[in-house]
Structures are given as structure tokens and as C-alpha cells.
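> here are the coordinates; sequence isn't available:
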């Protein structure tokens, strides 16, 4: 009877302990004027949003500050059709048989424990047989037969568990190796991935009235900037651009300086690209103009030494920038980006 108790204890410990160890290991493993006159401002540079083309190379300085998130880098088409061995992900290490079958591991542990217990306690019983009466021998024989029956039932249970866990259970499909870079060209997966990366765009025709609106916006924005009038700027720019203008004006006020862009004369406006995406229209235009662009100190009076900090308040200077305008459903054009 002592041997039977030892075997039962080993089975309980194995069935409870082994899955617990496996679970612990699994958890442990997962364990404007603004542009040309305020170049010293930290907010200057190429700023704003151009929709899905914000980060495209269009011949001007790339956008450096934008609320538009950068798209994920798409793999080249050649890599999608014939990926190199170095580019393929390393196969995950396969778990051992005991890790994939914790129940069988527990039963195996129980069998091993029972065998060890039988070896230990069986030797003690054999030594005790020489000094005990015939009744003790009969009890030992009964315990041995019970142990044999228990071992047979355990082996039978292990076989049944293996059949239902290994044979009857259909393997789950493994999609770990399927990525955008490994999708076959022309497949549904490749087409859906490309669609999600970028919205569809169509070309937009820019009229003479649109060009006149761009010219007027150039003058209006430079005038409002020179007056440090955010309320006026709000009428001509997107909320994102208004934030950049506001930040630059605040920095200028902290440094006690003002930038002025006066007598703006547009020389040429070249439409580089114009498109529509969803309900928004965009137009990127290369603007070339002349203006008196200068920065002064608000602590000095005109004519005092140190009043003129940068530029020339009498002679116009040439400037060139790339501005992007946007509008919703044929509405009013607004400035949405500036590129140097």
C-alpha cells in the first residue's frame, strides 16, 4: 500500500508541476516672410502637409515637419517576387515534444516517479520479507499486483491522450512567413497592401482663376505675417501651418525682433503638380517673387545702431519657394505647406 501511495503522489506532482513549469517558461519568453526672413527660427524650413505626397521627392527640400505620419517603407517589387535568402525571416525554433505535449510529459514524469518509488520501496519490502510472517508476503503480493494494474492504466491513458492530442487535432495554418514583401505580385494580398499604403489620386487641372488665387494668397500671407496678425493668417492657412507661424512669431517676440516682407511682386508661378485625393484638392506651385525682406529689433528706433538686424529695408530681394495649397470640394484655397 505504501508503494501505491508513492506512485499516486508522483502522478499528482507530475501532472500539476510539469504544465506549470511550461507555462512559466512561456510567460518568461514574452516577457513666408516667415520662410526667408525668419531663417534663424527653429520652426523655419520645409513644413506642412501635402496629403499622400507629403514625403515625395518633388525637386524641393523634403518636408521636415509635418503632422502627416510617414508611410511604412515598401519593399521593392524585385524583392517581393524573388526574395534573397538573407532577407527571409529566420525560422522559429520548434519546441520539443515534451513542451508541445505537457500532459504526456506529466504522465511520463509520473511513470518515472513510480518506477523509482517501486525500486526504492520494493527493495525495502524484500528485505522485510525475511523477518515477516506469511501475511506480510500476501499483502506485498497484493500491492505489487495493484501497482502493475495502475501502470497498465497509465500507459493506456498516455496512448489515448497522444491519439486525441496529436492525431485527431488538425494542425493550424501558419501565416508567420507571409509578409508584404513575400506576397506574390498580382495576388489579393499584394493588391490590398498597396491600396492601404496610399489613397488613390487623380490629376487636377489648374485654371487661371486658381493661379490668381495663389498670387493673392502670397501677398495676403506675407502682409499678415509682417503685422504679426495671427487672426488674419488664420483666414489663409491650414490649422497646421497656423501652428508653425504662431510658434515662429512667439520666438521672434521672445527675442524682441520682427520680420517684415513688404511690396511683394510675384514674378513667376510654376505649377509643379496638382491632384485630388478623396475630397481634397492639392496644388504644389513654385513661386518666384521680389520683396523688401528685413528683420529689425523692437528695442531700437529706426535709424539707431542695431535697429536693422538682417536684410535690406530699401532694396527688394529675390526669393523662391515651393508652396502647396489645398482646398475641400472646390472651396477656398489655403496654404498647407512650404518647401525651401
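Sure thing, it's come through. Predicted, not measured: the structure shown is a model, and the values here were computed from it. Numbering: from 1, shown residues only.
> gap between the two ends of stretch 313-321?
21 Å (C-alpha to C-alpha, to the nearest Å).
> Which is the succeeding secondary structure element to whichever strand in the chain runs longest?
Ranked by residue count under DSSP state E, the longest strand found in the chain is strand 257-277. Later in the chain than strand 257-277, the nearest helix or strand by DSSP states H and E is strand 280-297.
> Residues in contact with whichever helix or strand comes after that following strand: which ones?
The helix or strand immediately downstream of strand 280-297 is strand 308-311, counting by DSSP H and E. Strand 308-311 is contacted by residues 37, 257, 292-297, 317 when judged by C-beta atoms under 8 Å, 6 or more residues apart in numbering. Quick note: C-beta positions are derived from backbone N, CA and C, even for glycine.
> What count of nearby residues applies to residue 59?
11 (other C-beta atoms under 10 Å).
> hang on, the earlier thing: the longest strand of the chain: which residues count as buried?
257-261, 264, 266, 269, 273-275, 277 (16 or more other C-beta atoms under 10 Å).
> Rounded mean pLDDT for it, please.
For strand 257-277, mean pLDDT is 96.
> Can you list the strands that it pairs with?
strand 201-203 (antiparallel), strand 280-297 (antiparallel) (DSSP bridges).
> tell me which element residue 152 falls in.
Per DSSP H and E, residue 152 falls inside helix 134-162.
> for the stretch 151-300 of the chain, what are the low-confidence residue spans?
163-198 (pLDDT under 70).
> if we can go back for a sec, the contacts of strand 308-311: which two are farthest apart?
Spanning the widest gap among these are 297 and 317, at 19.5 Å by C-beta to C-beta.
> Pick the most deeply packed of the strands paired with strand 257-277.
strand 280-297 (a mean of 20; mean count of other C-beta atoms under 10 Å).
> buried stuff in stretch 207-221?
If you call a residue buried by 16+ other C-beta under 10 Å, then stretch 207-221 has these buried ones: 210, 213-215, 217-221.
> Reformat those as a markdown table; add distance to residue 50 and secondary structure.
Shown next, in a markdown table, are those (distance: C-beta to C-beta, whole Å; DSSP: H, G, I helix; E, B strand; the rest coil):
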| residue | distance to residue 50 | secondary structure |
| --- | --- | --- |
| 210 | 17 | helix |
| 213 | 18 | helix |
| 214 | 15 | helix |
| 215 | 20 | helix |
| 217 | 16 | helix |
| 218 | 18 | helix |
| 219 | 22 | helix |
| 220 | 21 | helix |
| 221 | 17 | helix |
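> Closest one to residue 313 out of those residues, please.
residue 219 (18.4 Å).
> For residue 291, see how far away the closest one is.
To residue 291, residue 219 is 9 Å away according to C-beta to C-beta, to the nearest Å.
> Enumerate every residue touching residue 271.
206, 211, 283-285.
> which one of the contacts of strand 308-311 sits closest to residue 228?
Using C-beta to C-beta, the contacts of strand 308-311 come closest to residue 228 at residue 257, 10.9 Å.
> what sits against that closest one?
295-298, 309.
> again with residue 233
Counted by C-beta under 8 Å, 6+ apart, residue 233 has contacts 221, 224-225, 242, 245.
> mind listing the helices for this protein?
Ranges of helices in the chain, per DSSP state H, are 2-30, 77-81, 97-100, 102-129, 134-162, 188-197, 208-226, 230-233, 239-254.
> one step back: residue 250: which of the contacts of residue 257 is nearest?
residue 298 (13.6 Å).
> Please determine how far the closest residue to the closest one other than its chain neighbours is located from residue 299.
Nearest residue to residue 298, sequence neighbours excluded (C-beta to C-beta, 6 or more residues apart in numbering): residue 256, at 4.7 Å. Between residue 256 and residue 299 the distance, using C-beta to C-beta, works out to 5 Å.
> What of residue 333?
38 Å.
> Kindly report the same for residue 228.
16 Å.
> Tell me which of residue 333 and residue 299 has more neighbours.
It is residue 333, of residue 333 and residue 299, that has more neighbours when counted by other C-beta under 10 Å, with 17 against 10.
> Which pLDDT value belongs to that one?
Confidence score, pLDDT, at residue 333: 98.
> quick one: contacts for it?
Contacts of residue 333 by C-beta under 8 Å, 6+ apart are 210, 213-214, 217, 283, 325-327.
> Swap in 6 Å and give it another go.
Residue 333 makes contact with 213, 325, 327, according to C-beta atoms under 6 Å, 6 or more residues apart in numbering.
> sorry, back to before: quick one: which of the contacts of residue 233 is nearest residue 72?
Looking across the contacts of residue 233 and measuring by C-beta to C-beta, the closest to residue 72 is residue 242, at 29.0 Å.
> Could you count how many residues lie near residue 305?
That count, for residue 305 with other C-beta under 10 Å as the rule, works out to 6.
> and what of residue 228?
17.
> Quick one: neighbours of the closest residue to it other than its chain neighbours, just the number.
Nearest residue to residue 228, sequence neighbours excluded (C-beta to C-beta, 6+ apart): residue 249, at 5.4 Å. By the measure other C-beta under 10 Å, the count of residues near residue 249 is 21.
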